[in-house]
Every structure is written in C-alpha cells, then in structure tokens.
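Enquirer: Dropping the sequence and predicted coords here.
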Amino acid sequence: MTVRRILSAKGRDVFTISPECKVSEAVRILFARRLGALVITDESGTVAGIVSERDIVRMIATQGPSSLDEPVSVCMSSNVVTTVESATIQSVMSEMTEGRFRHLPVLDHGKLAGIVSIGDVVKHRLAEMEDEQQALREYIATA
Ligand code: AMP
C-alpha cells in the first residue's frame, strides 16, 4: 500500500500558515480543525517548516504563555522530512519511527500535495492486515 492510496481516501487538503502567523493563531487553527500539526509555507508555497502541538507545549513550558504572541517561525521545525505519493506505508512508518514525529507532508514536484499522519498510517495498516487475514481464512477454508 502506498501514500497515494491513503491520500485518495482522506483527501489532499493541507492546512498551511505563514511563518509570520502568531503561535496563538496556530493554536486556534489546531483546535478548530482538530489537527496535530500545521505546515508552514512561504509566499511561493514552498514548505518552510512544520509546527506540531509538541512544539507549542515545549515553547510555553520553557518561555511562558507570553510566547503565544511570537511568530510561529520561533518554534517550528525547519528541516522538514517529506515523502512522495509512490512511497510505501512501510517506508513512512520507518521515517516516522526514526525521526520521532507523527506527520509527514507529501510533495509532488516540490509542491505540497497532502499530509500523512501516524493515525492515517495505523488505520490503513490495520485494514490491510484484516484483508490479509480474511484472504488467509478463505484460502484455508477452501484448501
Ligand atoms: P509530532 O510527533 O509530529 O507532533 O512532532 C514531533 C516533533 O517533530 C516536533 O518538533 C515537530 O515540529 C517535528 N516534526 C513533525 N513532523 C515533522 C517532519 N515531517 N519533519 C521534521 N520534523 C517534524
């Protein structure tokens, strides 16, 4: 199973914000959209960073609640690991495990084409395992 299959099922919309957007606005969007992370893009639409709930919790814990007025660029991760639609779920699971993050933006010719979360991966992997078990049960029943 590939990233393309996940995106076909969940859609390709990605909520993006600019690096100048305040952290408080990012918090509002994360809550309103029930998201765990937002991708930060520059004027040309290029991915400039990613900010997750963890970054914001860490910032408030270390710098206090007044940091909510800072631009999101102060707490985002700038070296964003991305994937492509042809990547397998196994490779996505490896990237997430090695990088210790739960979100992977998908690029198509350098442009943002979707995002995959660990929740999406687990959901599709479970469905895949159930299909495999069903196929095995049917094979055993007819053998
Ligand atoms: P997460 O587990 O996705 O909430 O993120 C944990 C940490 O990894 C946070 O500091 C994020 O900014 C960072 N992070 C999340 N996704 C990525 C990614 N695809 N590439 C690089 N860093 C990431």
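Expert: Here it is on my side, so go on.

Enquirer: Send me the helix or strand where G114 lies as CSV with only the CA atoms.
Expert: Here G114, judged by DSSP states H and E, is contained in strand 111-117. The C-alpha coordinates for strand 111-117 follow below in CSV (Å, rounded to 0.1, in the frame of the first residue of the first chain):
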residue,chain,number,x,y,z
LYS,A,111,4.7,21.3,-4.2
LEU,A,112,2.6,20.3,-1.2
ALA,A,113,0.2,17.5,-2.3
GLY,A,114,-1.1,16.2,1.1
ILE,A,115,-0.1,15.2,4.6
VAL,A,116,0.0,11.8,6.2
SER,A,117,-0.3,11.3,10.0
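
Enquirer: Give me the packing partners of the strand or helix carrying I50, helices and strands only.
Expert: Assessed by DSSP H and E, I50 sits inside strand 47-52. When contacts are defined as 3 or more C-beta pairs under 8 Å, 6 or more residues apart in numbering; DSSP states H and E, strand 47-52 sits against strand 37-41, strand 103-108. Yep, even glycine has a C-beta here, placed from its N, CA and C like the rest.
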